[in-house]
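In: Predicted structure and sequence below. I'll ask about it afterward.
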Amino acid sequence: MTKIKICGLSTPETIEAAVNAGATHIGLVNYQKSPRFVSVADAARLRQTVPKHVKTVLLLVNETAENTARAIGAIKPDIVQFHGGETPEWTSLVRKQTGLEVWRALGVRDAATLEKSRRFEGAVDRILFDSPAKALPGGNGETFRWDVLAGFDHRTPWGLAGGLTPDNVAQAIRETRTELVDASSGLESAPGVKDVDRIAAFCKAARSV
Ligand SMILES: O=C(O)c1ccccc1N[C@@H]1O[C@H](COP(=O)(O)O)[C@@H](O)[C@H]1O
């Protein structure tokens, strides 16, 4: 069964909707420029509402060591997702010091950029292939050419992100054979406002494959 991460949740109601729809992971975005930003204090409260069988992913972008430690200590996520320019040395260090699962997002432009993921072998638990950064480093609602992933020799577990919606997620899974899908802005009625019906439709479509 494909793992499903619903990211950028900011209310107990939408977390409950994602859990009830079958999400395996929920994401909390602690990045101030995002319309999905949740403060450390709010994220810590929201995290308490997530049942144990669902993993909580804390998304950070180019944070300082101090802020990273503070956020992890307060929120106690299961997974930390780095979505900026974090180095393999940094992801490795966080992984070792916290014992948490660590993911790193990479923007895919073409086949050559996939080679970049090699740098993170042994330094992360999962690579998230996303569209290249635009106004935001992620959460831009844009897909990339999934065929670029075809034939790539993945040596690290990976997931697919970038512009996934209830309408394209089944095709994305069939085409890429990804074991995890991650969606955010495609499940909203307005920037930062998650739509519970779209969350349910997304999970249903992902589980149908
Ligand atoms: O969601 C955001 O605002 C965000 C901000 C900064 C970095 C990443 C962000 N979101 C992540 O980007 C991918 C793709 O999102 P989308 O489905 O295209 O909207 C996903 O991992 C989001 O969690």
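Out: On my side now, so go ahead.

In: Does the residue of the chain positioned farthest from its centre belong to a helix, a strand or coil?
Out: Farthest-out residue of the chain from its mean C-alpha position, per C-alpha atoms, centre = their mean: Gly151, at 23.0 Å. Assigned by DSSP: H, G, I helix; E, B strand; the rest coil, the conformation of Gly151 is coil.

In: Quick check: residues of this protein near the ligand?
Out: By C-beta under 6 Å from any ligand atom, the residues of the chain that approach the ligand are 7-8, 27, 29, 31, 34, 36, 59, 61, 83, 105, 128, 130, 136-141, 161-164, 182-186. To be clear about C-beta, it is placed using only N, CA and C from the backbone, and glycine gets the same treatment.

In: Counting neighbours, which of those end up buried?
Out: With neighbours counted by 16 or more other C-beta atoms under 10 Å, these contain buried members at 7-8, 27, 29, 31, 34, 36, 59, 61, 83, 105, 128, 130, 136-141, 161-164, 182-186.

In: got the residue ranges for the helices in the chain?
Out: Secondary structure of the chain by DSSP state H: the helices cover 12-21, 40-47, 65-75, 88-98, 111-114, 169-176, 196-207.

In: Mean pLDDT lowest where, among these?
Out: Mean pLDDT values for the helices of the chain show the minimum at helix 111-114, a mean of 86.

In: And for it, what's in contact with it?
Out: 106-108, 129, 148-149, 152 (C-beta atoms under 8 Å, 6 or more residues apart in numbering).

In: Check which residues of stretch 57-71 are buried.
Out: Neighbour counts over stretch 57-71 (16+ other C-beta under 10 Å) mark 57-61, 63, 68, 71 as buried.

In: I meant to write stretch 76-92 there.
Out: 77-84, 86, 90-91.

In: go on, stretch 139-154?
Out: For stretch 139-154, the neighbour count (16+ other C-beta under 10 Å) marks 139-141, 143-144, 146, 148-149 as buried.

In: Which of the residues you listed sits closest to Gly122?
Out: Nearest to Gly122, judged by C-beta to C-beta, of the buried residues of stretch 139-154 is Leu149 at 20.7 Å.

In: From Asp78, how far out is the closest residue to the closest one other than its chain neighbours?
Out: In space, and not counting its chain neighbours, Leu149 is closest to Thr176: 5.2 Å by C-beta to C-beta, 6 or more residues apart in numbering. According to C-beta to C-beta, to the nearest Å, Thr176 and Asp78 sit 24 Å apart.
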